[in-house]
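K.L.:
Need coordinates for the following:
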Amino acid sequence: MDKISTIVLGVSLIIIMLGMGLSLTLSDFKRIFIYPKAVFVGLTNQILILPLVGFLLASIFSLKPEIAIGIMILAACPGGATSNLICHLAKGDIALSVTLTALSSFITIITIPFIVNFSLEHFLDKGQVIELDIVKTVVQILAITVIPVSLGMVIRRYKENFAAKMEKPVRIASGVVMAVVILGITIQEKDSLITGFKEAGLVSICLNLFTMLIGYFSARLFRVTTKRSISIAIESGIQNGTLAITIAVVLLNNSSFAIAPAVYSLLMFFTGAALVYLGMRNDKKTV
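P.N.:
Got it, this is the predicted structure:
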């Protein structure tokens, strides 16, 4: 990607994260004390199980190093605003979904650099290894995720009416921006992406389905309610693809690493739509 495209991608992610912040309040973080079991199960799936499943799949499938690393970058990322929207439409527990998204977004600031560095060292040849500067990476992720989210929360706190009016337009704009980002990657990397679908399509859909199934059934195993289990499943399988693409392109300066996250981001909308359908059908049965 050229410098302008890289800047546009970074700004796009900032807009998306600002929109997320406009929908958050401090009470969202207090929910960890209201239903700690559901939050614990959800975060365990997001922070630990998701990267482990990603690593296992990337190791089992015969993938190019760039695709394997892309899968790991994606698996290291938290859920995004899309997961909250899908959770709402699928009749899950939206408060839990927002809480998990917010908490994982803060926690993964620390975990992303270590997971990505491990992946680079493991999947690349010794002569090709790229090493992320941990401190610099944490600062960069703070700048493009946590600071915009925090700014959105401050606006929500002191200008609640303004935030309420802006929340929907910004969410729509975030969705449009995300679609444009993915479309831009698709157009710019169209030749690689056609091959990428062949190389990353199956492993992406496996990662998506396995993590959602593990998320749902692990929650049920711990006797978490059905609605909250749906939220945990969605948060486990619907990742922040835009952040993954940004890490690949902006932080690692390698658009090849963005192919798997781009493929995943497209495929997860289909599985997300299936979840919405099942959730709405189940909701009608319980009425």
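K.L.:
And Ile112, how far from Gly70?
P.N.:
As judged by CB to CB, to the nearest Å, Ile112 and Gly70 stand 14 Å apart. Yep, even glycine has a C-beta here, placed from its N, CA and C like the rest.
K.L.:
between those two, who's got more neighbours?
P.N.:
Remark: of Ile112 and Gly70, Gly70 carries more neighbours, 35 against 25, as counted by other CB atoms under 10 Å.
K.L.:
which residues touch the more buried one?
P.N.:
With contact taken as CB atoms under 8 Å, 6 or more residues apart in numbering, Gly70 is in contact with Ala200, Ala244, Ala248, Ser256, Phe257, Ala258, Ile259, Ala260, Pro261.
K.L.:
same check, this time on Met166
P.N.:
Applying CB under 8 Å, 6+ apart, the residues contacting Met166 are Leu22, Ile155.
K.L.:
what helix or strand does it sit in?
P.N.:
Met166 belongs to helix 160-188 when elements are defined using DSSP states H and E.
K.L.:
Show me what the following helix or strand past that helix is packed against.
P.N.:
Next in sequence after helix 160-188, counting helices and strands by DSSP H and E, comes helix 190-221. Under the contact criterion of 3 or more CB pairs under 8 Å, 6 or more residues apart in numbering; DSSP states H and E, the helices and strands touching helix 190-221 comprise helix 36-44, helix 50-60, helix 65-76, helix 226-237, helix 259-286.
K.L.:
Now do helix 190-221 against helix 259-286: the angle between them, please.
P.N.:
For helix 190-221 against helix 259-286, the angle by axes from the mean of the first three to the mean of the last three CA atoms, to 10 degrees is 40 degrees.
K.L.:
looking only at pLDDT, what's the mean for helix 190-221?
P.N.:
Averaging the model's pLDDT scores along helix 190-221 yields 87.
K.L.:
what do you get for stretch 73-86?
P.N.:
82.
K.L.:
Likewise for stretch 238-247?
P.N.:
Here the average pLDDT along stretch 238-247 is 84.
K.L.:
And for it, what's in contact with it?
P.N.:
Outside stretch 238-247, the residues that touch it by CB under 8 Å, 6+ apart are 9-10, 12-13, 16, 50, 70, 73-80, 82-83, 86, 105, 112, 116, 141, 144-145, 178, 181-182, 185, 257-258, 261-262, 264-265, 268, 272.
K.L.:
ok, back up a step: columns distance to Cys206 on top of the helices and strands packed on helix 190-221, output as JSON lines?
P.N.:
Compiled in JSON lines, the helices and strands packed on helix 190-221 are given as follows (distance: least, CB to CB, whole Å):
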{"stretch": "helix 36-44", "distance to Cys206": "20"}
{"stretch": "helix 50-60", "distance to Cys206": "6"}
{"stretch": "helix 65-76", "distance to Cys206": "10"}
{"stretch": "helix 226-237", "distance to Cys206": "11"}
{"stretch": "helix 259-286", "distance to Cys206": "10"}
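K.L.:
Select, out of these, the one closest to Ser218.
P.N.:
helix 36-44 (6.0 Å; CB to CB).
K.L.:
Do me a favour and get the backbone dihedrals for the nearest residue to Gly80 once chain neighbours are set aside.
P.N.:
By the measure of CB to CB, 6 or more residues apart in numbering, the closest residue to Gly80 outside its immediate chain neighbours is Asn240, 3.4 Å from it. According to degrees, to the nearest 10, the main-chain angles of Asn240 amount to phi -80, psi 80.
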